[in-house]
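**Q** sequence plus predicted model, see below.
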Amino acid sequence: MVDYMDKVTASAPGKIILFGEHSVVYGKPAIAASIDTRTFIEAERLEEDRIKIEANDIKVPGLTLSFKEDQIFMEADYGKAAEILGYVKKAVDLVLKETDVDTGISLSISSDIPVGAGLGSSAAVANATIASVSELLGINLTNREIGELGHETELSVQGNSSGIDPMVQAIGGLIYYKDGNFKQIPFRKLPIVLGYTGSKGNTGKLVEEVKKRLEEDPEVMEPIVKSMGNLVDQSRESLEGKFDSEKLGRLMNINHGLLSALGVSTKELSDLVYATRTAGALGSKLTGAGGGGCMYAYCPGRCDEVSTAIEVAGGTPISTKIAKEGVRIEKRE
Ligand code: MEV
């Protein structure tokens, strides 16, 4: 007899793409890392046959409070919050397909990953849902299988996706990813600071726009995507072989230039990128889908100066660490 739990809490980390976003959608390699900011999902069995989702604490940027006399007005981007719930629902459906167990489920989300900042908030929610619900129902999944189901969730909610986000966020650490396959790169503590522009990008839409530009001008755009793939392989050599921080920084700068040529950078992102280089970062680039969201600066010995430069240039510095751990079960009750 299968021994069911009553309640399970799982968590999943956010991510940054170090090199190769967008070109990874076209079968080129990319390098990504999980970070030490996480999403937590508590899944509980319900007597009634329904799925109940409670978002207790999700960081939706753009929450505005305004005061007038003794009244408080609150505005938030509920569209983005509702989008996150779409990932939860799809992830639950995928897990339920794996079992005959007939039960209602209540899910409660709390997340420290800002939504729409390019730090993998959707994949974290999908992965943590899959991990908590499968554990609750006695289904054994490896982290890789969780990442694969996370990818299926992404494909159904957001459309085109390479699968790199759910996979690195399931496995954890530094990964080299290509066409659904990945290899873990020996872990390195790269000193980075993130700069958040305060606006958000829509991954599905940005991926579609890049596809359109490739179709419009293939002779010009295809070599850019190819070059992005080449620079990822060079970066991997630099990370795995004889560590070369100067070269790594140079490749980040080139990658940002090529992403701008694909049309996914914004003035706000590039302002932060150039400000951090002036402040002594060895390299800096946008990270994730672009169109807003975050950039990162690689800044050995200069992270304080770089954080200040991000603030002065109008962004919000987020200090984070590349973390080793992927999805994990936090509590079984
Ligand atoms: C988003 O974090 C990375 C993109 O390359 C999309 C994808 O790989 O699915 C823009």
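**A** Perfect, thanks for sending it.
**Q** hmm, Ala131 is touching Glu330, no?
**A** No. Taking contacts as C-beta atoms under 8 Å, Ala131 lies outside contact range of Glu330: 9.6 Å. The C-beta positions use only the backbone N, C-alpha and C, and glycine is treated the same way.
**Q** what about the longest helix along the chain, near the ligand?
**A** Taking DSSP state H as the criterion, the chain has its longest helix at helix 218-240. No. Using C-beta under 6 Å from any ligand atom, helix 218-240 stays clear of the ligand, with a minimum separation of 10.4 Å.
**Q** how about Gln158: what's its closest non-neighbour residue?
**A** Leaving aside its chain neighbours, Gln158 sits nearest to Gly204 (4.1 Å; criterion: C-beta to C-beta, 6 or more residues apart in numbering).
**Q** pretty sure the one you found sits in a strand.
**A** No. Gly204 is assigned helix when assessed by DSSP: H, G, I helix; E, B strand; the rest coil, not a strand.
**Q** count of neighbours near it?
**A** For Gly204, the neighbour count with other C-beta atoms under 10 Å is 17.
**Q** make residue 1 into 11 and carry on from there
**A** Done: numbering now begins at 11, and the last item shifts to Gly214.
**Q** check contacts around it.
**A** 168-170 (C-beta atoms under 8 Å, 6 or more residues apart in numbering).
**Q** next, find the distance separating it from Lys25.
**A** Here the criterion is C-beta to C-beta, to the nearest Å. By it, Gly214 lies 17 Å from Lys25.
**Q** which residues touch the longest helix of the chain?
**A** 28-30, 32-33, 36, 38-41, 184, 186, 195-196, 198, 223-224, 254, 257-258, 261, 264-265, 268-269, 271-272.
**Q** of those residues, buried ones?
**A** Among those, those scoring as buried are 28-30, 32-33, 36, 38-41, 184, 186, 195, 223-224, 257-258, 261, 264-265, 268-269, 271-272 (criterion: 16 or more other C-beta atoms under 10 Å).
**Q** give me phi/psi at Cys331?
**A** Rather than Cys, residue 331 is Lys. phi -120, psi 150 (degrees, to the nearest 10).
**Q** please, which helix or strand holds the residue nearest to it when sequence neighbours are not counted?
**A** Distance criterion C-beta to C-beta, 6+ apart; nearest residue to Lys331, sequence neighbours excluded, is Asp46 at 4.7 Å. Here Asp46, judged by DSSP states H and E, is contained in strand 40-56.
**Q** contacts for the helix or strand just after that strand?
**A** For strand 40-56, the succeeding helix or strand toward the C-terminus, using DSSP H and E, is strand 61-67. Strand 61-67 is contacted by residues 56, 91, 94-95, 98-99, 102, 114-121 when judged by C-beta under 8 Å, 6+ apart.
**Q** please redo it, this time with the cut-off set to 7 Å
**A** The contact list for strand 61-67, computed with C-beta atoms under 7 Å, 6 or more residues apart in numbering, reads 56, 91, 95, 98-99, 102, 114-121.
**Q** which residues of the stretch 11-160 of the chain lie near the ligand?
**A** Residues of the stretch 11-160 of the chain lying near the ligand (C-beta under 6 Å from any ligand atom): 27, 31-32, 34-35.
**Q** just the closest of the residues you listed to the ligand, please.
**A** Nearest to the ligand among those: Glu31, at 3.9 Å, using C-beta to the nearest ligand atom.
**Q** tell me where the stretch 211-343 of the chain has helices.
**A** 213-226, 228-250, 255-272, 277-288, 313-322 (DSSP state H, counting those that start in this stretch).
**Q** save those helices as JSON lines, and put in mean pLDDT too.
**A** Shown next, in JSON lines, are the helices of the stretch 211-343 of the chain (pLDDT from 0 to 100):
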{"stretch": "helix 213-226", "mean pLDDT": "96"}
{"stretch": "helix 228-250", "mean pLDDT": "97"}
{"stretch": "helix 255-272", "mean pLDDT": "98"}
{"stretch": "helix 277-288", "mean pLDDT": "98"}
{"stretch": "helix 313-322", "mean pLDDT": "97"}
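**Q** could you measure from the nearest residue to Ala141 once chain neighbours are set aside over to Asn191?
**A** Using C-beta to C-beta, 6+ apart and skipping residues adjacent in sequence, the residue nearest Ala141 is Ala20, 3.7 Å away. Here the distance between Ala20 and Asn191 works out to 25 Å (C-beta to C-beta).
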